[in-house]
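*Asks:* Have a look at this prediction, sequence included:
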Number of protein chains: 4
Amino acid sequence: MPSRERLHAVFEARENAGPAARGVRAVIVTLIVLSTVGVVADSVPGLAASWRALFRTIDVVAGVAFTIEYALRLYACTADPAYAHPVTGRIRYALRPVMLLDLLAVLPLFLGLLATEMRIVRVLRLLRVLRAAKLGRYSSALGVMGRVVRARSADLVATVSLVVALLVLASSAMWMAERDAQPDKFGSIPAAMWWAAITITTVGYGDVYPVTAVGRVLGACVAVFGIALFALPTSIFAAEFLEQFRHRRETPARCPHCGEPLDAAPQRPDEGEGVT
Amino acid sequence: MPSRERLHAVFEARENAGPAARGVRAVIVTLIVLSTVGVVADSVPGLAASWRALFRTIDVVAGVAFTIEYALRLYACTADPAYAHPVTGRIRYALRPVMLLDLLAVLPLFLGLLATEMRIVRVLRLLRVLRAAKLGRYSSALGVMGRVVRARSADLVATVSLVVALLVLASSAMWMAERDAQPDKFGSIPAAMWWAAITITTVGYGDVYPVTAVGRVLGACVAVFGIALFALPTSIFAAEFLEQFRHRRETPARCPHCGEPLDAAPQRPDEGEGVT
Amino acid sequence: MPSRERLHAVFEARENAGPAARGVRAVIVTLIVLSTVGVVADSVPGLAASWRALFRTIDVVAGVAFTIEYALRLYACTADPAYAHPVTGRIRYALRPVMLLDLLAVLPLFLGLLATEMRIVRVLRLLRVLRAAKLGRYSSALGVMGRVVRARSADLVATVSLVVALLVLASSAMWMAERDAQPDKFGSIPAAMWWAAITITTVGYGDVYPVTAVGRVLGACVAVFGIALFALPTSIFAAEFLEQFRHRRETPARCPHCGEPLDAAPQRPDEGEGVT
Amino acid sequence: MPSRERLHAVFEARENAGPAARGVRAVIVTLIVLSTVGVVADSVPGLAASWRALFRTIDVVAGVAFTIEYALRLYACTADPAYAHPVTGRIRYALRPVMLLDLLAVLPLFLGLLATEMRIVRVLRLLRVLRAAKLGRYSSALGVMGRVVRARSADLVATVSLVVALLVLASSAMWMAERDAQPDKFGSIPAAMWWAAITITTVGYGDVYPVTAVGRVLGACVAVFGIALFALPTSIFAAEFLEQFRHRRETPARCPHCGEPLDAAPQRPDEGEGVT
């Protein structure tokens, strides 16, 4: 197998990666974990003073490694027929969300070389923590989850719009019910939205809660609606996971009439591309 | 296609709306969002003073647009065979819940023209926030969810009655356990119901909680029962979503080799009407 | 149809109750709701003083009606072949949990006739609130839920034992982590159990929470485990509901080899009795 | 049946245990419960002083019984072909997680014989509470759950890594948003992690919460993401439970008329080994 194809397989193939690919991945995952631990520890005032040199070293080593990884991905991507063109293929590949995430994760290193004391750079350097999200690229189980979420993205968007509508309605109603009793906490609809968000998600910190009778009845109804609303995506995910599990298993099913294997693809014309 | 049928399709067709319909919908959705943002921002004391003119303009423009939309819907509805009669068909159409909601969303504008300073009008104007709920009319994913919720409405009613029964039993028991220790918080069963509602939904603000040993054991049991109770509708939704997904996919299922239908349809005679 | 059979059908038949049965049920459900509202309102000090006579009347009327209902059920139960014997059949019928619940709901009336001022009687009179739970007897949707819960009762018991084991382990560990820092809140394992119960159920009142680093890591893990644990029964319910829905629909399925309808019963020998 | 095989069946067979096995199990379960209650009660200062002798007796009796159980399991395990070798089979059997748990549960007794007053021993004695977890070995419903969790362990690991990534990202972002406003509560990323963990799990004690506008928007988003994230494993469990229920039922499925198997087994070649 030529070098470019092998490189591409090392970074992109999910199922049948060889021992070399597994080794490279183990190194990258280790660097992601080390670098994330470094950023987290660097935020603790006491630790930061004593261990600055170590954190800085980890940061630079991981940054260089991720830069090399980024460059190699960009070099090898033309092995994929979908990105075969040397220039436009690479540009389209670089604009995929996961590649932009990878770019954001290495940028702070180079900005840090220019000026380490500017406040904006210190803020940008925290982007390194995004490297933790890179872990997902190396898990095949996350691939199935991503497929489920994508297959049901329209339902997710609909759920989010329902949550937003409930948020607006609940906070408007609660603002009317409580603004006289607690003007400091329910003084405007945006202020009441903080209460609504924390109640719909059933977090319930307890810093803001209704005290009037009308407000309490409203609050209880909002909590119940919140639970019902979040039951919808759970249900949709469950149904979709089952379809995915089942589809994989049913592939060798045969027609009871002619005995030919049933090619599953024509049965689901609308989902066929994502489930191979 | 004659004008009335086209208008009706613009407002009602979910799946195969043409470019004109999509344009009209985009305008309406934009106006809904703008108008909702306006109502929310108008409630913030500082913003309201500076931007009153803008909020008022948005409010009037959106109100006029929604009035026109309401009138056109009412004019075009006779294109639907179910509401074909010019008078009684239109009245029945106007009494559908979504049309009543639309009416409630434009009413405050006209009330506001009569008298802007009366307190009752200020309260009614908040109904404009209901326009946020109109968003649901333009999402096809919400159509599937609505179908699932309707198909299982009897189960939902049963769950709600179980929740109410648990609420009454839990608050009565907690009233007996805690009324001597915390007479200000558990002084009556209705007062204890606030605790019960916030515990069953697992919100747990922390403004009211049991302090006696008996009350704490009771409280823990109520929380566990609450979770179990809300697991029921989630389960029922999940099962129903799966049935809906599966039915859609199984309808065109034919053996690709011999062309025989793999007859899934005759297996579910009782659900055939609702899922076309 | 003879009188006893009709009476029995009025009270017990779920699906095909005639108009007389529906009328009787509407009366009983109204009385349950009124009587429950009465008990709840009676606990409010202000209301109790002004409306005592009304509450007392509702209480006596509902009590007498439920006593008659109880007697009629006991009289008519011999129409059911399973309880055909005039004496032993009736005793076995009276010992069913729902009948014992009905008895508990009418007992306070007669105890109240003997002595209204004794404290024990006042406590027992609260049992009237149990009438709210009687509502479940008149909902057919609850019948399906009850069947699902019974079919998976072994799994529910297993989940409860897991929850208890997690409770004991979590509170023991937290007691060791926090007893020195907060001796008033984590002074013993039973005291720590209150924290564990409120955390596992994700209620989180905020009256007790860990403050040490070890305690906080433990607390976060316990919360995650709690969610995972309560995900199990939700999943099991969902799977069982789907089986129940599907079983009902698949009844007319036919064998692809010989074309005979597939009687569903022999396929599920272990569940066959409960799903007719 | 020879003695060793019978002993092995008493401890390991899940489904068809005879009356002797059920008796032995009842004794062990009783001892586990008694011993756990003893450890819990021993932590209450008042109780510990009065009942020390009783707690100590229970502890020793249970410890001796569990030691005998452990020894008998080790003696009898060679009846299982997988652990047939007298030495290496027994060592591999002793290294299984459940056997290590059993060992941990009896160790404190022997350490306590050596020195009862050393602090480390007192800590180790709490390991006796792990005996509560032994209960799981004697429930067949937990067997199904364990199979489901094992079958989806890769998905669980992926979910945990997503939770950890969300935890790191959320606490980093919140640290940046709130460190100036609340330096005592959000002074470092690890400190903010406590907030993030309690919010993602929707426990929401209320000891730490954002107060700035940016922090509140972030907090609401984190809570919503947390719910969505925990919906994934629930969905996966639900789908897998359904597969397990279905597989068990489909195995003996034959057309009752022509006797032909309705071959469900060949449809799922990849799961065949784990569900017998």
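*Replies:* Arrived safely, thanks for sending. Numbering: from 1, shown residues only, chains lettered A, B, ... in the order given.
*Asks:* how much space is there between A:Gly89 and chain D?
*Replies:* 30 Å (C-beta to the nearest C-beta, to the nearest Å). To be clear about C-beta, it is placed using only N, CA and C from the backbone, and glycine gets the same treatment.
*Asks:* Packing partners of the helix or strand hosting A:Arg90?
*Replies:* Take DSSP states H and E as the rule and A:Arg90 turns out to sit in helix A:88-94. Counting contacts by 3 or more C-beta pairs under 8 Å, 6 or more residues apart in numbering or on different chains; DSSP states H and E, helix A:88-94 is packed against helix A:45-76, helix A:97-114.
*Asks:* So A:Ile189 is in contact with A:Ala170, correct?
*Replies:* No: taking C-beta atoms under 8 Å as the definition, A:Ile189 is not a contact partner of A:Ala170, at 10.1 Å.
*Asks:* A:Ser171: what's it in contact with?
*Replies:* By C-beta atoms under 8 Å, 6 or more residues apart in numbering or on different chains, the residues touching A:Ser171 are A:189-190, A:192-193, A:195-196, B:40.
*Asks:* Oops, could you answer that again for A:Pro210 instead?
*Replies:* Per C-beta under 8 Å, 6+ apart, neighbours of A:Pro210: A:174, A:177-178, A:195, A:216, A:218-219.
*Asks:* Secondary structure class of it, three-state.
*Replies:* Per DSSP: H, G, I helix; E, B strand; the rest coil, the secondary structure class of A:Pro210 is coil.
*Asks:* Could you find the closest non-adjacent residue to it?
*Replies:* Counting by C-beta to C-beta, 6 or more residues apart in numbering or on different chains, A:Gly219 is the residue found nearest to A:Pro210 once chain neighbours are left out, at 4.7 Å.
*Asks:* Among the contacts of A:Ser171, which pair sits farthest apart?
*Replies:* Maximum pairwise distance among the contacts of A:Ser171 (C-beta to C-beta): 14.0 Å, between A:Trp195 and B:Val40.
*Asks:* between those two, who's got more neighbours?
*Replies:* A:Trp195 (27 against 22; other C-beta atoms under 10 Å in any protein chain shown).
*Asks:* helix, strand or coil for the more buried one?
*Replies:* helix.
*Asks:* could you measure the residue nearest to it when sequence neighbours are not counted against chain C, distance?
*Replies:* Among residues not flanking A:Trp195 along the chain, A:Val208 sits closest, at 4.4 Å (C-beta to C-beta, 6+ apart). According to C-beta to the nearest C-beta, A:Val208 stands 13 Å off from chain C.
*Asks:* how much space between A:Val208 and A:Gly18?
*Replies:* Applying C-beta to C-beta, to the nearest Å, the value for A:Val208 to A:Gly18 is 56 Å.
*Asks:* And the helices in chain A?
*Replies:* A:3-12, A:19-42, A:45-76, A:88-94, A:97-114, A:119-125, A:131-134, A:140-151, A:153-178, A:189-200, A:213-250 (DSSP state H).
*Asks:* Tell me what angle the last one forms with helix A:140-151.
*Replies:* Regarding helix A:213-250 and helix A:140-151, their directions subtend 120 degrees when assessed with axes from the mean of the first three to the mean of the last three C-alpha atoms, to 10 degrees.
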